[in-house]
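Chemist: A structural model of the following input is requested.
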Amino acid sequence: METIFSKIIRKEIPADIVYEDETVLAFRDIHPLAPVHILIIPKQEIMSIASLEDADAPVVGHMFAVARDIARDLNISEKGYKLLIRVGEHGGQEVPHLHLHLLGGARLSENIHPVGVQ
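Modeler: Numbers count the residues shown, from 1 in each chain. Below you'll find the model as predicted:
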């Protein structure tokens with residue numbers, strides 16, 4: 001499925017890339033929700049966690065290792081950060097391509113509740 005992330009992977013549209021290897025690409029979110037907001041995506045087309053195959057486990061593990069390394073490189077490891085994967089419509093997934101959000105650089109609230117409920 002063609003997505004904006006497919007175009008970023010192919011370098012057809014610009015992105016502020018912070019890490020890239022043969023398996024994943026990591027770049028700054030264009031609408032950051034925290035001082036540090038990085039998206040880590042597999043180069044392989046995987047729609048979401050719900051569509052993972054057992055063979056995809058190494059890719060997902062690598063995404064988390066890359067998140068750890070980026071957090072260290074950006075000096076947010078010591079105070080902490082949040083990792084988030086949204087799955088499907090109710091989970092708030094907007095792009096149908098698996099992506100891991102790395103959020104940090106400030107104290108982050110939980111702020112996870114049903115839409116319209118405070």
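Chemist: all contacts plus neighbour counts: C-alpha atoms, from now on.
Modeler: Noted.
Chemist: If you rank every helix and strand of this protein by mean pLDDT, what lands last?
Modeler: When the helices and strands of the chain are scored by mean pLDDT, DSSP states H and E, helix 88-91 comes last with a mean of 93.
Chemist: in the chain, which spans are helices?
Modeler: Using DSSP state H, the helices found in the chain span residues 4-9, 57-73, 88-91.
Chemist: Not counting the first one itself, show me its contacts.
Modeler: In this structure, residues lying in contact with helix 4-9 by C-alpha atoms under 8 Å, 6 or more residues apart in numbering are 13-15, 25, 41, 43, 95, 97.
Chemist: Dump that helix to CSV, restricted to CA.
Modeler: This file holds the C-alpha atoms of helix 4-9, laid out as CSV (Å, rounded to 0.1, in the frame of the first residue of the first chain):
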residue,chain,number,x,y,z
ILE,A,4,3.5,9.0,2.8
PHE,A,5,6.0,6.8,4.6
SER,A,6,6.7,4.9,1.4
LYS,A,7,7.6,8.1,-0.3
ILE,A,8,9.9,9.1,2.6
ILE,A,9,11.6,5.7,2.4
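Chemist: List the buried residues of that helix.
Modeler: 5-6, 8-9 (16 or more other C-alpha atoms under 10 Å).
Chemist: Rounded mean pLDDT for it, please.
Modeler: The predicted model assigns helix 4-9 a mean pLDDT of 98.
Chemist: Report the beta-bridge partners for the spatially most central residue of the chain.
Modeler: Taking C-alpha atoms, centre = their mean as the criterion, residue 100 is the residue nearest the geometric centre of the chain, at 2.4 Å. Beta-bridge pairing of residue 100 under DSSP bridges involves residue 40.
Chemist: can you count the residues close to residue 70?
Modeler: Per other C-alpha atoms under 10 Å, the neighbour tally for residue 70 reads 19.
Chemist: Repeat that for residue 49.
Modeler: 16.
Chemist: Residue 97 now?
Modeler: As a burial measure, residue 97 scores 22 neighbours (other C-alpha under 10 Å).
Chemist: ok, it - contacts?
Modeler: Counted by C-alpha under 8 Å, 6+ apart, residue 97 has contacts 3, 5, 41, 45-48.
Chemist: Now with 6 Å, please.
Modeler: Contact analysis of residue 97 by C-alpha atoms under 6 Å, 6 or more residues apart in numbering lists 46-48.
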